[in-house]
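Enquirer: here are the coordinates; sequence isn't available:
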Ligand code: MN
């Protein structure tokens, strides 16, 4: 067929379904394209114009589209491959045709890489979203179909790459748009290059059996047709082999050989009414035994792409199963040509009544109400993904973002760390501002820096995605949290120090769990954050913790006492060298507690050698009393509010040089009494801190002497000396 003949065939094809088409415009488009591509050759060596002509032929033959689509198909490669521009096409033909051509060119420019399923789905959506006018994607699919039909002239790597792309992107889009015929052909052609061995096997085997199959199919067709004629059901019936890729998938999915494949054959019965569909189903199930679980009513429940049919698989004679699909003519058109069929109905003026049934098409198209046919086609737009924008990462991944998304949304969609370190962005290799709205197909690159200060509050207003906004919010909360933790920790540590508790006591794993429970925080950091934030105070934290520290200490004490008791029983046993020497604080050993703050009570001022007992104060460590101090009386020790707070303490081996203590000397007042007392203090080497005296009304003098004493022995010596002084009635150690 010459090029001229091919063009004439195109006109003839268009005239057959659209006699009123703009043949002047179509011829002009053909002549323009022919001139623009003149000198260019296809890989096959043929003049390039063969390709646009063939694409226009597919658009006409398969999809029966309008004049603009035919013209755009003829011109579809001129912007991409020749000197032609959008402006020129717009002027010579129309802005709409120029937009269609530009749209197809944009899709052509998209680069694909082999990706995982999710990426593929995003690529499909991106393609549809970029098409804006649905005719763009229809022309693009036609373009791809012709390229696949002529793929034999390409290099093997290119064949594989294009086939994979077709299988993953264009065939599923065709399916989604309801175009089964084109989908099948795209799949079969892709399979031919993706798995040539399997493809050849399927083709060879089915071809070899074709005469046999045709006899079988002819017989079945005749049986069914005769019964339907008897019943007066007007119908068209034809049988076909399943297409190679469909067989291939079944072989793989069921792990069977070609011979074992179920329903290799499918019959299609096309009738006038929906009622007839169910009548035919009854006939088929009456003639042949239906296979359980294989009946599907897609008339009652259409597929998401609008597909409607009754499907059933039955067992024919000789045990050969086959599938029967039953549908009305209208359902058939939609199944074969999808969205294009819907158009055809519009074009032929069948009114807007039919479109109500195609809910999915409705979702695809916008602005279709009340317009006449031509107008309607002009305004065909895809709004399926109108609220999304699809952009590429520099390595070809597709990100699906909300419409109007900015580089900020993109960065946070990649990773919050990318967003937090963003200092700028490039779109299609040009620096843009961070509020630059992204377009479908843009390649977006985020510029990051380790020294980035992090997001600014403004970003929250610029970002369009909830994801970005919530990540930015998180960043601020987290940043502040770190600040809060630092502040909270500082005040907590100060309070601990004030109460004589070391950090080690808190972080002791045995204690930590209990104290966190006491303060109701999951971790110290959380408690610090709360203190830093002001929701909790360090004082409260420490005082709540003390109880727990004491509880654990008491536990230890009990254990130790039990161990000592056990030891005492074995009198003969030598002291265990392994027994740890208890550490003391200011010469005081507190049972079970190391590094415990110790203070000596002012009321009884004990010195080494005195029998002593400890009292765990609220917040100020262990206060040491003499055992005979009224403040440590048995009644007090067993008082309910103090139970458990009295603790055994003893003098360690490493006592201080001296301890402050107080004596009270009651005397019959006389002159020089103070002088004699001073002499006694001096001869006993007592270090005097202070002497206070007062006289009573009945001429007694009471001296209160504060001294530092090494131990009770030195103290006794001093007390003896004082007692010997004339006029001294009593020497006391005050207590209580
Ligand atoms: Mn092309």
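Expert: Nice, I can see it. The structure displayed is predicted, hence computed values, not measured ones.
Enquirer: where along the stretch 601-736 of the chain do the helices fall?
Expert: 634-638, 673-683, 712-723 (DSSP state H, counting those that start in this stretch).
Enquirer: any chance of these in JSON lines, with distance to residue 147, mean neighbour count and mean pLDDT too?
Expert: All C-beta atoms are positioned from the backbone trio N, CA, C, and that covers glycine. Below are the helices of the stretch 601-736 of the chain laid out as JSON lines (distance: least, Cβ to Cβ, whole Å; neighbours: other Cβ atoms under 10 Å; pLDDT from 0 to 100):
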{"stretch": "helix 634-638", "distance to residue 147": "99", "mean neighbour count": "11", "mean pLDDT": "81"}
{"stretch": "helix 673-683", "distance to residue 147": "116", "mean neighbour count": "16", "mean pLDDT": "82"}
{"stretch": "helix 712-723", "distance to residue 147": "109", "mean neighbour count": "17", "mean pLDDT": "89"}
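Enquirer: just so I know, which of those helices lies nearest the ion?
Expert: Among these, helix 634-638 comes nearest to the ion, with 100.0 Å by Cβ to the ion.
Enquirer: how distant is the closest one from the center of its chain?
Expert: 62 Å (Cα atoms, centre = their mean, to the nearest Å).
Enquirer: circling back: mind putting the helices of the stretch 601-736 of the chain in a markdown table, distance to residue 185 included?
Expert: Below are the helices of the stretch 601-736 of the chain laid out as a markdown table (distance: least, Cβ to Cβ, whole Å):
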| stretch | distance to residue 185 |
| --- | --- |
| helix 634-638 | 98 |
| helix 673-683 | 119 |
| helix 712-723 | 111 |
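Enquirer: residue ranges of the strands in the stretch 601-736 of the chain, please?
Expert: Taking DSSP state E, counting those that start in this stretch as the criterion, the stretch 601-736 of the chain carries its strands at 612-616, 622-626, 646-647, 649-651, 659-668, 687-695, 700-709, 728-732.
Enquirer: Quick one: distance of the second one to the chain centre.
Expert: Spelled out, it's strand 622-626. Counting by Cα atoms, centre = their mean, strand 622-626 comes out at 59 Å from the chain centroid.
Enquirer: Can you point out the buried residues in stretch 34-41?
Expert: By neighbour count on 16 or more other Cβ atoms under 10 Å, the buried set for stretch 34-41 is 34, 36-37.
Enquirer: With stretch 237-255 instead?
Expert: So stretch 237-255, judged by 16+ other Cβ under 10 Å, has buried residues 237, 239, 241-248, 250-251.
Enquirer: pull the helix or strand with minimum mean pLDDT from this protein.
Expert: helix 373-378 (a mean of 33; mean pLDDT, DSSP states H and E).
Enquirer: of all of this protein, which residue lies closest to the ion?
Expert: residue 143 (4.2 Å).
Enquirer: Name the next helix or strand downstream of the helix or strand containing that residue, please.
Expert: Assigned by DSSP states H and E, residue 143 falls within helix 134-149. Proceeding N to C from helix 134-149, the next assigned helix or strand is helix 156-165, under DSSP H and E.
Enquirer: and that following helix with the ion, contact?
Expert: No - using Cβ under 5 Å from the ion, helix 156-165 never reaches the ion; the gap is at least 11.9 Å.
Enquirer: Rounded mean pLDDT for the next helix-or-strand element following that helix, please.
Expert: The C-terminal neighbour of helix 156-165 among helices and strands, as given by DSSP H and E, is helix 171-176. Mean pLDDT, computed over helix 171-176, is 81.
Enquirer: now for helix 171-176, which elements pack on it?
Expert: helix 117-131, helix 134-149, helix 180-194 (3 or more Cβ pairs under 8 Å, 6 or more residues apart in numbering; DSSP states H and E).
Enquirer: Mind checking those helices for the one nearest to residue 603?
Expert: helix 117-131 (77.6 Å; Cβ to Cβ).
Enquirer: Now do the SS call for residue 76.
Expert: coil (DSSP: H, G, I helix; E, B strand; the rest coil).
Enquirer: Verify the contact between it and residue 143 for me.
Expert: Yes - between residue 76 and residue 143 there is a contact under Cβ atoms under 8 Å: 6.0 Å.
Enquirer: Can you list the low-confidence ranges for the stretch 201-350 of the chain?
Expert: 262-263, 304-305, 338-350 (pLDDT under 70).
Enquirer: that older thread, filtering the buried residues of stretch 34-41 by proximity to the ion, which remain?
Expert: Within the buried residues of stretch 34-41, nothing lies near the ion by Cβ under 5 Å from the ion.
Enquirer: okay if I get those as a markdown table plus secondary structure and pLDDT?
Expert: Formatted as a markdown table, the buried residues of stretch 34-41 follow (DSSP: H, G, I helix; E, B strand; the rest coil; pLDDT from 0 to 100):
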| residue | secondary structure | pLDDT |
| --- | --- | --- |
| 34 | helix | 95 |
| 36 | helix | 94 |
| 37 | coil | 94 |
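Enquirer: possible to save the residues you listed as TSV with distance to residue 291?
Expert: Output for the buried residues of stretch 34-41, formatted as TSV (distance: Cβ to Cβ, whole Å):
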residue	distance to residue 291
34	55
36	56
37	54
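Enquirer: between those, which is nearest residue 472?
Expert: Among these, and counting by Cβ to Cβ, the member closest to residue 472 is residue 36, at 50.2 Å.
Enquirer: List the residues that contact the closest one.
Expert: 78, 82-84 (Cβ atoms under 8 Å, 6 or more residues apart in numbering).
Enquirer: Is it possible to mark the buried ones in those?
Expert: Of the contacts of residue 36, these count as buried by 16+ other Cβ under 10 Å: 78, 82, 84.
Enquirer: Residue 272 is in contact with residue 332, correct?
Expert: No - when contacts are counted by Cβ under 8 Å, residue 332 is not listed as touching residue 272 (11.3 Å).
Enquirer: Which residue of the two possesses the greater neighbour count?
Expert: A direct count of neighbours by other Cβ atoms under 10 Å for residue 332 and residue 272 places residue 332 higher, at 20 against 13.
Enquirer: On the secondary structure side, give me the element for that one.
Expert: Applying DSSP H and E, one finds residue 332 within helix 329-337.
Enquirer: just to revisit the earlier point, can I get the buried residues of stretch 237-255 in TSV including distance to residue 421 and secondary structure?
Expert: TSV is the format used below for these (distance: Cβ to Cβ, whole Å; DSSP: H, G, I helix; E, B strand; the rest coil):
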residue	distance to residue 421	secondary structure
237	66	strand
239	63	strand
241	58	strand
242	54	coil
243	51	coil
244	51	helix
245	46	helix
246	50	helix
247	52	helix
248	48	helix
250	50	helix
251	51	helix
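Enquirer: which two from those end up farthest apart in space?
Expert: 237 and 251 (27.2 Å).
Enquirer: hmm, who's touching the helix or strand containing residue 444?
Expert: Here residue 444, judged by DSSP H and E, is contained in strand 444-448. Here strand 444-448 makes contact (Cβ under 8 Å, 6+ apart) with 391-394, 399, 407, 410-411, 414, 418-419, 421-427, 429, 438.
Enquirer: So which of these belong to helices?
Expert: 407, 410-411, 414, 418-419 (DSSP state H).
Enquirer: Residue numbers of the protein in contact with the ion?
Expert: So the chain meets the ion at 77, 143 (Cβ under 5 Å from the ion).
Enquirer: OK, contacts around the residue lying closest to residue 273 once chain neighbours are set aside?
Expert: Distance criterion Cβ to Cβ, 6 or more residues apart in numbering; nearest residue to residue 273, sequence neighbours excluded, is residue 328 at 6.5 Å. Taking Cβ under 8 Å, 6+ apart, we find residue 328 in contact with 270-274, 276-277, 308.
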